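Asker: Here is a sequence together with a model predicted from it:
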Amino acid sequence: MIVRTWSARATKAGAQSYHRYFESILLPQLHRLRGFEGAFLLGREQEPLVELTSHTLWTSLDAIRGFAGDDIDAAVVEPEALAMLSDSDSTVVHRSVLLSDRGPG
């Protein structure tokens, strides 16, 4: 499994809007893609902004290409989402999952 990580910064209101967008618009689109395995959206307050990191889980680099195209290191962010953010990274990082454990419950 591969984790694709992207970062952005937003005001508190922008972070809340992006959270709603991620949950209601982006996730349903991702769930339709072959090889998509799930996602985490994390937030960290860094006054006056909130740092957001998106971690999407994929079965392979080929599955990521199905989402991102040939340049898999380029961030894929719709203009609608960019409008909610103060700034965002133009590239992403991919990491192989070596171990996954979410506990007994």
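Answerer: Nice, I can see it.
Asker: Could you list the low-pLDDT ranges of this protein?
Answerer: Judged by pLDDT under 70, the chain has no weakly predicted residues.
Asker: Check the secondary structure at residue 19 for me.
Answerer: helix (DSSP: H, G, I helix; E, B strand; the rest coil).
Asker: Can you name the residues that contact it?
Answerer: Counting by CB atoms under 8 Å, 6 or more residues apart in numbering, residue 19 makes contact with 41, 43. Glycine gets a C-beta too; all of them are placed from N, C-alpha and C.
Asker: This structure: strands as residue ranges?
Answerer: 2-10, 36-46, 49-58, 87-88, 93-96 (DSSP state E).
Asker: For the closest residue to residue 12 other than its chain neighbours, grab the count of nearby residues.
Answerer: Nearest residue to residue 12, sequence neighbours excluded (CB to CB, 6 or more residues apart in numbering): residue 50, at 5.8 Å. By other CB atoms under 10 Å, 22 other residues sit near residue 50.
Asker: mind checking how far the residue minimising distance to the centre of the chain is from residue 104?
Answerer: Among the residues of the chain, the one closest to the centroid is residue 54, at 2.8 Å (CA atoms, centre = their mean). Residue 54 sits 27 Å away from residue 104, going by CB to CB, to the nearest Å.
Asker: Likewise for residue 66?
Answerer: In terms of CB to CB, residue 66 sits 34 Å off from residue 104.
Asker: Ok, residue 56 next?
Answerer: In terms of CB to CB, residue 56 sits 25 Å off from residue 104.
Asker: Compare the two and say which is more crowded by neighbours.
Answerer: Each of residue 56 and residue 104 has its neighbours counted (other CB under 10 Å); residue 56 has more, 23 against 4.
Asker: hang on, the more buried one packs against residue 41?
Answerer: No - using CB atoms under 8 Å, residue 56 is not in contact with residue 41; the gap is 9.4 Å.
Asker: Overlap in contacts, these two.
Answerer: Counting by CB under 8 Å, 6+ apart, nothing touches both residue 56 and residue 41.
Asker: Cool, thanks, signing off.
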